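Student: Using only what follows, build the 3D model:
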Amino acid sequence: MKKWKTAMLVLVGLAAIGALIIGIITPAPPDAAARKYYDDSLNGRLSVKQRICADRLVDAPAADLIVLGGKILGTLIGYSADTAGLRFQVIEHNRASARVRVTGSYALEAGLFSYTENVHVDETILMVREGARWKWCGSVAP
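Tutor: This is a model prediction of the structure:
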């Protein structure tokens, strides 16, 4: 009876470790990755570069300058974007790529000028899987 309990504990432990490994290896769904891309890019976060596919990062020094320029501008004028009003829907999906429709609006704020604008979005974007991450790879026809 004791051997049976030990075997069950080992089996449960292995199942828990397997579930943990699968959770670590499995990337966030493409719509969640698209939301992170939008949020990082609209708010001038340097991490946005990690969310762009290799095909779009052909000119890495220029991309670095654009991201750094956005960060500096955001700091100087208090620029921010609230992306909570955006909706992300996966409309096509396979293991290597996904099309995600982005709709809704986000609030663009420039604190220095006390300026706020609502920007409407209705586009379909391509997300590709590189390694264990989904990455933005441009806009596509709906």
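
Student: For this structure, give me the ranges with low pLDDT.
Tutor: Across the chain, residues meeting the criterion (pLDDT under 70) sit at 1-27, 59-71, 73-74, 142.

Student: Regarding this protein, what is its longest strand?
Tutor: Looking across the chain with DSSP state E, the single longest strand is strand 115-130.

Student: Please point out which parts of the helix or strand where residue 137 lies sit buried.
Tutor: In the assignment (DSSP states H and E), residue 137 maps to strand 133-140. Neighbour counts using 16 or more other C-beta atoms under 10 Å place 134-137 of strand 133-140 among the buried residues. Every residue, glycine included, has its C-beta placed from N, CA and C.

Student: Out of these, flag the one nearest to residue 72.
Tutor: Relative to residue 72, the closest of the buried residues of strand 133-140 is residue 136; by C-beta to C-beta it sits at 22.3 Å.

Student: what's the neighbour count on the nearest residue to that closest one once chain neighbours are set aside?
Tutor: Nearest residue to residue 136, sequence neighbours excluded (C-beta to C-beta, 6 or more residues apart in numbering): residue 37, at 4.3 Å. Using other C-beta atoms under 10 Å, residue 37 has 24 other residues around it.
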